[in-house]
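Participant: Turn this into a model:
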Amino acid sequence: MRRVFPWALLIFFLAGTTVGIYLGLTSRRPLNVWDLQPLWRAGRWIAEGRGSPYSDELTDLLQRESYGRPVVEGEDPRAFVYPPYALLLVLPVIVLPLPWAQAAWFAVLLLGIVAGIVGAVRLAGWPLSAWQMLFIVLWGLLLYPIAWAFALGQVSILVFALLVAALLAIRSGREGWAGGGLALATIKPQMSFLLVPALLLWALAKRRFRLLGSFGGAMAVLLLGSFIAVPGWPAQVVRAGAGYFEMQPFPPPAALLGKWIGDGVYQAVTGLLVALLLVGLAWAWWWERRAPSLPRWATGLTLVITALIAPRTSIVNQTSLFIPLCLLFAEMARRGRRWRRVAFALGALLLVGLWVVDLLCFPPLSSGEHWHAQQRILSPVLPILLLIGLGTWPWWARKGACRR
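Facilitator: Modelled structure (predicted):
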């Protein structure tokens, strides 16, 4: 009975939330849930036997559903650009009519946010009461990157939850589950392209071959299934993704900083910044090489540097930064009342400040310039703040032996 109750509660939550969102939102007027639309359409496209989800026919359909016309220069091309195995995440909602699928997707994302936040707190070893945990969950739901990701129906929320689950599984020795979670998290390479290889190299150095085997096996199954469903999909993904880079480049914060220093030398400055960040990251993993379990500081720093240098990334992909943010806040909380006050003030500033800048300073949402302003001004804030905090972690460790 104890094993059945959590699953029954989970099903009740998903069903109740889905019905509530359907009745209160998705059934009332047509919605375009930005990130769900290509996934839902691509899944149905394959299920109906209509060919490749990367076809021009599906892209044209997605553009007409989103804009009522073909895309114009500077707009999101609306093509399906995920690997086929990403459709596993939306498999349960593909069979539903679109309004019900949207409601169910929002319910799943809400569950992913709550699970990811609670898991990140546990990963950080942050002892909180039930009321404090509720406060952190509500704060996280309203935090700018997470709130935007939820509003857009972003897969990045589920990737965040998968990364948290995989890291918790590594820490608890459940490496079979961890490998599967890391493999599935590769659907968003902008969020995982540094962490997954770093963890695999760490597993190799620690002779944790079960993690390597589970990741390799899961990845092989995902890729094989993708090739069966869509033969030749990698080349089609590259072709479809090229449109995004051309029409909406969204440079990472490191490149933005390079441009700020000077257009004439920005490529050299950006390259130097990226090199320095990667060297520092390699040193972080070496510094924690004797950690008895998961090297939490190096893991958190990897996610921060990923957000700083990932190509064509946006602020909604910063959902995973909640992991290093919890590490930082947990360490501050362990250092006494004064540091807890600093953490509270920093959390309040992050919660309110980013929204104030958006609402008072940016062009309206109907303008494409809103997203570019969001990328140029707000996307560097959280990763740079965390880079400063985690970059001084060795000093924190000397002061309070924070490696555990």
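
Participant: now the strands for the stretch 101-250 of the chain?
Facilitator: Shown for the stretch 101-250 of the chain, no strands are assigned by DSSP state E, counting those that start in this stretch.

Participant: So, low pLDDT: which residues of it?
Facilitator: The model of the stretch 101-250 of the chain has pLDDT under 70 over residues 243-249.

Participant: Break down it into its helices, ranges please.
Facilitator: 130-142, 144-151, 156-171, 175-184, 189-192, 195-205, 209-229, 233-247 (DSSP state H, counting those that start in this stretch).

Participant: ok, residue 328 - contacts?
Facilitator: Contacts of residue 328 were listed using CB atoms under 8 Å, 6 or more residues apart in numbering, and they are 300, 343, 386, 389, 390. To be clear about C-beta, it is placed using only N, CA and C from the backbone, and glycine gets the same treatment.

Participant: same question, residue 33
Facilitator: Residue 33 sits next to 102, 105, 106, 152, 153 when contact means CB under 8 Å, 6+ apart.

Participant: Okay, the third one and residue 152: tell me how far apart.
Facilitator: Going back to what we said before, that points to residue 106. When distance is defined by CB to CB, to the nearest Å, residue 106 is 11 Å away from residue 152.

Participant: Residue 163 too?
Facilitator: To residue 152, residue 163 is 19 Å away according to CB to CB.

Participant: more neighbours, these two?
Facilitator: Under the criterion of other CB atoms under 10 Å, the comparison of residue 163 against residue 152 puts residue 163 first, with 30 against 18.

Participant: Helix, strand or coil: sort out residue 29 for me.
Facilitator: With DSSP: H, G, I helix; E, B strand; the rest coil as the basis, residue 29 sits in coil.

Participant: How about the one 3 residues further on?
Facilitator: Using three-state DSSP, the three-state assignment for residue 32 comes out as coil.

Participant: looking at it, it is touching residue 65, isn't it?
Facilitator: Yes: applying CB atoms under 8 Å as the test, residue 32 and residue 65 come out as touching, 6.9 Å apart.

Participant: who does the helix or strand where residue 285 lies touch, helix- and strand-wise?
Facilitator: Element membership for residue 285 (DSSP states H and E) is helix 266-287. In terms of contacts (3 or more CB pairs under 8 Å, 6 or more residues apart in numbering; DSSP states H and E), helix 266-287 is packed against helix 195-205, helix 253-261, helix 296-309.

Participant: what about it, average pLDDT?
Facilitator: For helix 266-287, the mean per-residue pLDDT is 90.

Participant: do the same with stretch 23-43
Facilitator: Averaged across stretch 23-43, pLDDT comes to 92.

Participant: For it, could you pull out the residues that count as buried?
Facilitator: Across stretch 23-43, burial judged by 16 or more other CB atoms under 10 Å covers 26, 31, 33, 35, 36, 37, 38, 39, 40, 41, 42, 43.

Participant: swap in stretch 148-167?
Facilitator: 148-150, 152-167.

Participant: Same question for stretch 65-84.
Facilitator: For stretch 65-84, the neighbour count (16+ other CB under 10 Å) marks 66, 71, 76, 77, 78, 79, 80, 81, 82, 83, 84 as buried.

Participant: And stretch 308-318, by the same measure?
Facilitator: Neighbour counts over stretch 308-318 (16+ other CB under 10 Å) mark 308, 309, 310, 312, 313, 314, 315, 316, 317, 318 as buried.
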